[in-house]
Structure formats: structure tokens, C-alpha cells
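1. Sequence and predicted structure are below.
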Amino acid sequence: MSSQRSKSLSQTLMAVAVATASMSALAEYENRSFSVFGAAGMQYINYSEKLNNYYGVNMKSTFETVNFVQRSGGYTAVNDTLGFSIISSSTLLSFEDREDWELKGEDGYVQQNTTSLSFQTLDMMMSYHLQNGWYASAGMHYQKTAFSRFDWTTGNANDAYNATIKDYITNNPAMMDVVQQYIDQFDDISNEADYFDLIRNDPETNQTVVFEDASNFGAMIGIAYDSYFMKQSSGMRYQFSLEVGTPVYEKILNSSHNGSLERTFGGGLDVTGKLGVGYQFSQQLSTMLLITGLYSHRDKIQEWSNALDSVTLPENTLYAAAAYISVGWNFE
């Protein structure tokens, strides 16, 4: 009997201890709002485009640069478990670099140009707190890539590029039917040779400055951690987040084409992440060193106006990594 009482008492004490510990942990948790401002830093960008079987051509371009960027926004607590954040980042100053266009199976390059790229993001996310510093997030991700290409030069693989396209069209009867229609319709196209001279890639002669804006709205979900929700007093502060999503709507404007390209639920992948370490000086003031990363992949868009002519946005991939120093403030 005594043994059973001791066992029962031990179980009761253990349950009380666990409950007390849980209450203590919950007591430390507090969902509080804060703002992020004054976050400035440098961002490394790697951007590439890939054309697979574009009129028989397989070609890839690559571009790298480092830009001066900013990050700002804030988090608003709604109740004990819910909140939302609005965070934006944008290029303040972009730097130019060379972009190479390489033809598969050929040495050298088709063409080169100087490229300047600006990148913007806006994330509007709802947060559900697990009351231990961790929280789940879901919401909207917007990003815009804007670049200009200029100072074109022709490479030693350009002749092979033009020859591949000519062979592909010549060996496609449906395409050659459209070529014949152009010969019959337009005075400046007297024969097939005139047509292929007209479409021949000659960037030094035909290209000036090409501008492109690619805007995307997407959906994202993720998991994150911020020690601020567990401790607002002075001490070290840590942040982490990882989100994954896909574009829902895309719109691309390019100065080389009349009109825009649009796509809904067209495929692609976005992954964002953040690591931060800093110091919480008081309940109101903190400073953080943030490392952010982004991976963005978009599938090719190709719209055909007839059996011969199409407008194409190549498959493209963007990697971005940035380091910021930021200041956080709680206005409550």
C-alpha cells in the first residue's frame, strides 16, 4: 500500500513539475510587434537564361553582379498566436557586368553584352505562433526583376547560331509555308535568302538597349524562429526562416517585343531563407546582422502567332544572397 502511495505521489509531483515548466515557458512567450528599418547591405546576384530547342538552338547566358540594397518592414501582433509581417527589399544601386551567350557544342560565344539588373521583393505573410519562438508562415510573395542590356558584341559562334536556325526552318515544311507567304506579301522579301538575311542575328547592327521587366505574384509557406518572442530583455537575439512557394501570376515586358507575356500557374519555384544574429538592447531597440538568400526558377514561356513566329521568354534562374545590418524598434 505504502509503495502504491509513493508511486502515486511521485506521479503527481512529476505532473505538477511538467505543468509548472509548461506554464513557465508560456509565461516567457509574448507576441509583440516590431519594425525593421535602416537595413542596408550588399547583394550578390547570379542570373542565367537557357534556351532549349529554340529553332534547333540550345543556348545559355550567364550574368553575375553585386548590388547595394535595402530591406525594411515590420511585424504586427494580432493576438497571442497570430500576427502578420510586411517586408520589402530593393536594389538601391546596381552595377554593370558582362553577360555571355554560349551555344552548346561551340567554342566561344554567340554574343556578349553589358547588363545591369535590379531586383525587388515584397512579402506579406501571416504567422501562427507555436509559443516557443517558432512559428509557421503563409502568404504572398512578389518579386520584380528589371534589367537593361546594351553594348552588344558579336562572337565567333554567331555564324553557327544563324546556320542552325536556318537549317531548322528550312527542314520544317509548315514554317517554310509561312516564309513563302512573307515572300508573296512583302516587297522587301523577294526570296528565301532575303528572309534569312532579315532574321539573321547581328547584335552590333540591330540591337541598341534592351529593357525587360518581369513581375511575379506567388504563394509561399514556411517555418521561422525569432528569439524576440521569448525574450524581450537585453541579450542576444537570433532569427531564422525558410519559405518555399510557386508563382501564381507572371507578366513580362520586353522592349524587343510588342506587347507583354503573361502566364497563370505556369510553373516555377521560389525558395527564400534568412539567418540573423544580433543584440537586443532593450524591449524597444535591437540591431541585427542578417544573411538572406533567394532561389527563383521560371520555366520557359513561348507564344506562337503562327507556325513560324513566336515570342519567347527563356527558362531562367536567379540566385541572390545578401548581408544586411539592420535596426529593430518596438513602438509600444
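-> Yes, it's here. Numbers count the residues shown, from 1 in each chain.
2. and Ser260, what is it in contact with?
-> Shown in contact with Ser260 (C-beta atoms under 8 Å, 6 or more residues apart in numbering): Lys251, Ile252, Leu253. Yep, even glycine has a C-beta here, placed from its N, CA and C like the rest.
3. and stretch 190-209, what's its mean pLDDT?
-> Stretch 190-209 shows a mean pLDDT of 91 in the predicted model.
4. Output the below-cut-off pLDDT ranges for the chain.
-> Within the chain, the stretches falling below the threshold (pLDDT under 70) are 1-27, 38, 332.
5. Which parts of it are strands?
-> 34-54, 57-77, 82-93, 97-103, 111-129, 134-154, 210-226, 235-254, 260-264, 268-280, 285-298, 301-304, 310-313, 315-329 (DSSP state E).
6. Adding distance to Asp197, write those out as CSV.
-> Compiled in CSV, those are given as follows (distance: least, C-beta to C-beta, whole Å):
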stretch, distance to Asp197
strand 34-54, 20
strand 57-77, 18
strand 82-93, 40
strand 97-103, 20
strand 111-129, 18
strand 134-154, 15
strand 210-226, 21
strand 235-254, 24
strand 260-264, 27
strand 268-280, 37
strand 285-298, 33
strand 301-304, 23
strand 310-313, 20
strand 315-329, 29
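7. Quick one, which of these gets closest to Leu198.
-> strand 310-313 (16.1 Å; C-beta to C-beta).
8. Sort out which residues of the closest one are buried, please.
-> Buried residues in strand 310-313, counting neighbours by 16 or more other C-beta atoms under 10 Å, are found at Val311, Leu313.
9. cool, stretch 79-94 as well?
-> By neighbour count, and taking 16+ other C-beta under 10 Å as the criterion, the buried residues in stretch 79-94 are Gly83, Phe84, Ser85, Ile87, Ser89, Ser90, Thr91, Ser94.
10. gap between that stretch and the chain center?
-> Averaging C-alpha positions (C-alpha atoms, centre = their mean, to the nearest Å) puts stretch 79-94 15 Å from its chain's average.
11. And for stretch 114-121?
-> For stretch 114-121, the gap between its own C-alpha mean and the chain's C-alpha mean amounts to 12 Å (C-alpha atoms, centre = their mean).
12. Need the contact partners of that stretch.
-> Under the criterion C-beta under 8 Å, 6+ apart, residues 43, 45, 47, 63, 65, 67, 69, 88-91, 94-99, 141-151, 272, 294, 318, 320 lie in contact with stretch 114-121.
13. Now, of those, which are buried?
-> If you count burial by 16+ other C-beta under 10 Å, the buried members of the contacts of stretch 114-121 come out as 43, 45, 47, 63, 65, 67, 69, 89-91, 94, 96, 99, 141-149, 272, 294, 318, 320.
14. Leaving out chain neighbours, which residue sits closest to Gly155?
-> Closest residue to Gly155 in three dimensions, ignoring its sequence neighbours and counting by C-beta to C-beta, 6 or more residues apart in numbering: Tyr109, at 3.8 Å.
15. how near is the one you found to Arg298?
-> Taken as C-beta to C-beta, to the nearest Å, the spacing of Tyr109 relative to Arg298 amounts to 23 Å.
16. same thing with Thr287?
-> For Thr287, the distance to Arg298 under the criterion C-beta to C-beta works out to 36 Å.
17. Looking at those two, which has the bigger crowd around it?
-> Between Thr287 and Arg298, counted using other C-beta atoms under 10 Å, Arg298 has the larger neighbour count: 24 against 14.
18. Give me the neighbour count for Thr205.
-> Taking other C-beta under 10 Å as the criterion, the count of residues near Thr205 is 9.
19. which ones are touching it?
-> Counting by C-beta under 8 Å, 6+ apart, Thr205 touches no other residue.
20. I'd like the buried residues of stretch 79-94 as a markdown table, with distance to Gly73 appended.
-> What follows is the buried residues of stretch 79-94, written out as a markdown table (distance: C-beta to C-beta, whole Å):
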| residue | distance to Gly73 |
| --- | --- |
| Gly83 | 13 |
| Phe84 | 11 |
| Ser85 | 6 |
| Ile87 | 4 |
| Ser89 | 9 |
| Ser90 | 11 |
| Thr91 | 16 |
| Ser94 | 21 |
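21. Looking at strand pairing, list the partners for the spatially most central residue of the chain.
-> The central residue of the chain, meaning the one whose C-alpha is nearest the mean C-alpha position (C-alpha atoms, centre = their mean), is Ser296 at 4.0 Å. Applying DSSP bridges to Ser296 yields these beta-bridge partners: Asp270, Leu318.
22. could you list every residue that touches it?
-> Counting by C-beta under 8 Å, 6+ apart, the residues that Ser296 touches are Gln143, Gly268, Leu269, Asp270, Val271, Thr317, Leu318, Ala320.
23. Show me how far stretch 28-43 is from its chain's centre.
-> Computed by C-alpha atoms, centre = their mean, the separation of stretch 28-43 from the middle of its chain amounts to 21 Å.
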